[in-house]
Every structure is written in C-alpha cells, then in structure tokens.
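*Asks:* coordinates only, sequence not included:
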C-alpha cells in the first residue's frame with residue numbers, strides 16, 4: 001500500500017506524517033501499522049549511521065507489536081490515541097528489556113527490568129517503542145557525545161550538534177526516524193535540542209509527568225529542576241503525548257493530582273503575553289531576536305495582546321540555577337568516578353572542572369540558595385499575574401559546531417553555560433515551557449522560540465504554542481531527509 005499526504009500542495013513522506021495523523025489513518029484503516037513501523041525501521045537503517053541518534057533499536061519487538069496493532073484494528077478492538085504510532089525514548093528512561101545507560105560507562109550494559117510509568121502509559125495508549133536514543137554522559141551537557149556510543153549529529157548540518165541532553169531524541173524525531181518521544185530537562189535539555197533541530201518540545205511543571213524511572217533520579221534539589229516531557233514535530237502531537245503521560249505517580253515526590261484543563265480559543269486569546277528579546281545579561285544572535293519579534297507579531301495577528309516585558313529576577317534565577325545544577329551536581333557526580341577517572345567522557349570531565357572551580361556547598365550555603373530560590377519564585381509569579389504567558393528566546397545561538405564552547409555576539413563573549421540561561425531560568429523557577437520552531441538562520445539552521453506559563457498551566461502553554469504554530473507554519477524536514 002502506498003500512502004501519501006499533503007501539507008498544502010507538497011507531497012510528503014510517510015514518516016513525516018504527524019503522530020496524530022498516523023493514529024487517525026490507522027483507526028480509519030487507511031494506514032497499516034505494520035507498514036508504518038517498517039517505514040520507520042527502514043529510515044533508521046538508512047539515516048542512523050550518519051546521525052547516531054539511536055543507540056539501541058528494538059526492531060523485532062516493534063514489528064511484533066505492529067502486527068498485534070494491525071490485528072486489533074481488523075478485529076474492531078478499542079484503540080488508544082496513539083495506536084500503532086512509533087515513538088522513541090531517551091536512554092535515561094527505563095523501558096523493559098532495553099538499555100538505560102544514560103551515556104556513561106558506569107552503567108554500560110544496564111538493562112531496565114520494568115517500564116517507567118510514562119512508558120507504561122504510552123504503551124497503554126497504543127504507542128510502539130522503536131528504541132532508545134543517545135545522550136551525553138549522565139545528561140550533563142548541551143552537546144550529545146559520550147564514550148559508549150560517540151557523537152550524535154544534527155540532521156540539518158552534520159557538523160553541528162542537535163544539542164543535549166536529549167540530543168539523540170531530537171535528531172531522531174527531526175529526521176523522521178520517530179514520530180515523537182520523550183526527553184528530560186534539568187537546564188534546557190528538551191528545549192535546546194528542540195530549538196536546534198526545528199521540532200517542538202515541552203518542559204512541564206515538576207511532577208506533572210512522573211519522572212519515576214529516570215536515571216539519575218530526580219531527588220533533593222534536582223527534584224526542583226529536573227523533569228521529563230514530550231518531544232515531537234507538531235504542537236498537536238505534543239498535546240497528545242502530554243495528555244497520555246501526565247498524571248501523578250507515587251514515585252515522583254513533586255506529583256500532584258492536577259486535572260486536565262484545556263482552555264477554549266476565546267479564553268486562550270485573553271492570556272496577555274509579555275515578550276523579551278534578551279535577558280539583559282547574555283546577548284542573543286540577530287536571527288534569534290528576529291524570531292522572537294516574528295513570534296510576537298504572529299501572536300498579535302492571532303488576536304493576542306502582546307507587549308514588551310522583561311521580568312525582574314532573571315539574573316538571580318540564573319545564578320541560583322548554577323548553584324543547584326553545576327555546583328551541587330558536581331558534588332554528587334565526582335565521587336561516582338573515584339578510581340574510575342579513565343571512564344569520564346571529555347564533556348563530563350569539563351563540566352566537573354567547571355563545578356570544582358566553585359566553592360562546594362556547605363549546609364548553610366545550600367539552605368541559603370534554597371530560600372533565595374523560593375523568594376525569587378514568589379517575585380516572579382507575582383509579575384506573571386499581569387503576563388501569564390512569556391515569550392522569549394530558547395537559547396542565545398542556533399545549533400553550534402561540535403566542540404565549540406564560546407561565541408562572540410555583539411562584541412561580547414558568550415560562555416557555554418550562559419548560552420542556555422534562557423531555559424535555565426524556568427528550571428529553577430518551575431515554570432512549564434514549550435519550544436516552537438519559527439524561522440531559520442542565514443546558515444539554514446532552525447530557530448525556535450520559547451513560550452512560558454505559570455506552574456501547572458501546561459494546557460495554556462500548549463494552546464498558545466498551537467496558535468503560534470498556526471501562524472508560522474509547522475516544522476520542516478531537514479536536508480538529510
């Protein structure tokens with residue numbers, strides 16, 4: 001069977017259908033799950049040698065599940081919202097029978113014995129897991145490379161990174177090797193790769209989607225920062241993945257029984273939007289500024305009230321995120337490699353050196369940072385009473401060349417850790433935030449913008465993201481396709 005689809009007048013490949021469209025066509029018996037899974041596995045076989053996005057492909061089981069999915073359609077059984085849809089999972093999230101190594105030799109060969117709750121929910125919705133995707137070692141980088149599996153390349157330009165730490169996931173989805181999937185985010189690790197590869201990603205409020213089954217575990221101060229969330233090529237697909245995965249789980253200490261609350265169109269357009277092109281500390285490239293302005297104008301055209309607004313407290317949030325993620329993170333990770341320093345990947349070694357250059361936390365220092373974090377959150381949320389939606393860059397730059405660690409922007413040197421402060425803010429503050437592709441750089445690299453909401457208001461964030469996507473158009477396929 002040959003299946004064709006149209007976006008406007010352009011014919012597109014089967015693997016670039018949206019996940020929503022795949023499920024609809026399967027339910028309507030216009031598309032075979034067996035053929036759909038076969039097409040994705042063929043695409044993985046063709047493109048993964050260049051991209052190195054997947055580190056394990058579960059082809060035999062995926063084909064078997066596709067046959068079961070097809071029989072369910074034929075027999076008129078009840079079908080879930082993702083029935084027969086192929087997905088991928090970041091290799092820091094447990095999937096029964098697959099490796100969960102988080103890119104480190106310390107866990108080489110580790111195989112998960114049970115599914116993380118979010119994986120169970122995806123499977124119960126009918127999704128078929130194709131395999132797991134690459135990460136930097138222990139997820140502590142915005143470039144995906146490690147000593148276990150090597151470097152992942154960006155499908156828009158193989159000389160550039162797809163970002164990290166969910167870089168393998170982003171590359172797989174952008175290249176049409178997966179319809180969507182799951183990443184994790186403690187400092188931009190969903191949103192920066194989405195921005196770098198021209199797809200969509202959602203960082204939810206901590207606890208909205210359970211992080212149970214993620215390694216490293218979201219515990220202590222990292223429970224305030226680290227989340228798991230969906231990645232896909234369209235906002236509509238993000239919505240379905242979010243609906244399926246959300247809900248409390250006892251293993252997530254931040255969980256709360258928050259019901260789904262989708263706003264109507266009129267309610268959505270009553271949300272005032274404040275936007276800022278830069279944070280006053282880290283400059284952004286001209287194409288990044290242009291993308292934010294384009295998005296602001298697009299939302300105005302869609303009927304939103306959009307005004308320039310830079311919240312107070314961003315610099316304090318950046319410094320506090322550094323204390324939690326970089327300083328405390330290094331304190332936790334360094335002892336793991338005592339006597340095994342040869343197993344450290346260069347990227348993680350560099351991160352630990354940056355961390356060691358800072359004074360280690362005492363109990364008083366950590367307590368002070370925690371209290372200051374709560375104070376800046378209260379100040380920030382008070383400002384969001386006026387602007388419940390914020391629009392801003394996802395990063396200071398588009399996808400960078402492998403190994404780069406600083407950039408010149410407007411005559412200022414932007415250092416590696418500062419380039420992602422635009423996402424780090426919202427890990428520290430606990431806001432949900434989505435990235436939507438808007439434009440491209442002169443070099444043809446995707447440029448996304450970030451839409452930020454108040455805690456537990458993912459539905460508002462996704463509703464505004466959908467309005468922006470409608471104005472600016474959905475994601476495009478990269479040159480490797």
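*Replies:* Yep, it's here. These numbers come from a predicted model, not from an experiment.
*Asks:* pretty sure residue 39 contacts residue 22?
*Replies:* No. Contact between residue 39 and residue 22 fails when scored by CB atoms under 8 Å: they sit 10.4 Å apart. Quick note: C-beta positions are derived from backbone N, CA and C, even for glycine.
*Asks:* so between the two, which is more surrounded?
*Replies:* The neighbour comparison of residue 39 against residue 22 (other CB atoms under 10 Å) goes to residue 22, with 26 against 18.
*Asks:* so the more buried one, which state does it fall into?
*Replies:* helix (DSSP: H, G, I helix; E, B strand; the rest coil).
*Asks:* check contacts around it.
*Replies:* Residue 22 sits next to 31, 36, 84-85, 179 when contact means CB atoms under 8 Å, 6 or more residues apart in numbering.
*Asks:* which of those fall within helices?
*Replies:* residue 36 (DSSP state H).
*Asks:* okay if I get the contacts of residue 22 as JSON lines plus pLDDT?
*Replies:* Below are these laid out as JSON lines (pLDDT from 0 to 100):
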{"residue": "31", "pLDDT": "97"}
{"residue": "36", "pLDDT": "98"}
{"residue": "84", "pLDDT": "98"}
{"residue": "85", "pLDDT": "98"}
{"residue": "179", "pLDDT": "98"}
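*Asks:* how many neighbours does the nearest residue to residue 26 once chain neighbours are set aside have?
*Replies:* Closest residue to residue 26 apart from its sequence neighbours, by CB to CB, 6 or more residues apart in numbering: residue 84 at 4.4 Å. Using other CB under 10 Å, residue 84 has 29 neighbouring residues.
*Asks:* how close does residue 84 sit to residue 176?
*Replies:* Residue 84 is 16 Å from residue 176, where distance means CB to CB, to the nearest Å.
*Asks:* what does residue 317 give?
*Replies:* Distance of residue 317 to residue 176, given as CB to CB: 36 Å.
*Asks:* could you say which helix or strand holds the nearest residue to residue 20 once chain neighbours are set aside?
*Replies:* Leaving aside its sequence neighbours, residue 20 sits nearest to residue 236 (CB to CB, 6+ apart; 5.0 Å). Per DSSP states H and E: residue 236 is located in helix 235-245.
*Asks:* and after that helix, which helix or strand comes next?
*Replies:* Assignment by DSSP H and E places the next element after helix 235-245 at helix 265-269.
*Asks:* avg pLDDT for that next one?
*Replies:* The pLDDT scores in helix 265-269 average 97.
*Asks:* just checking, what packs against that helix?
*Replies:* helix 458-472 (3 or more CB pairs under 8 Å, 6 or more residues apart in numbering; DSSP states H and E).
*Asks:* report the buried residues of the helix it packs on.
*Replies:* 458-469, 471-472 (16 or more other CB atoms under 10 Å).
*Asks:* dump the residues you listed into CSV; add pLDDT and distance to residue 200 as well.
*Replies:* Shown next, in CSV, are the buried residues of helix 458-472 (pLDDT from 0 to 100; distance: CB to CB, whole Å):
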residue, pLDDT, distance to residue 200
458, 98, 13
459, 98, 15
460, 98, 16
461, 99, 11
462, 98, 9
463, 98, 13
464, 98, 13
465, 98, 7
466, 98, 10
467, 98, 13
468, 98, 10
469, 98, 8
471, 97, 14
472, 94, 12
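*Asks:* closest one of those to residue 290?
*Replies:* residue 472 (12.4 Å; CB to CB).
*Asks:* so which residues make contact with the helix holding residue 236?
*Replies:* By CB under 8 Å, 6+ apart, helix 235-245 touches 18-20, 23, 80-82, 118, 121-122, 125, 127, 179-180, 182, 200-202, 204, 209, 228-232, 260, 434, 436, 458, 462, 465-466, 469.
*Asks:* just the buried residues out of the residues you listed, in PyMOL syntax.
*Replies:* This is how PyMOL selects the buried members of the contacts of helix 235-245, with burial counted by 16+ other CB under 10 Å:
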select buried, resi 18+19+20+23+80+81+82+118+121+122+125+127+179+180+182+200+201+202+204+209+228+229+230+231+232+434+436+458+462+465+466+469
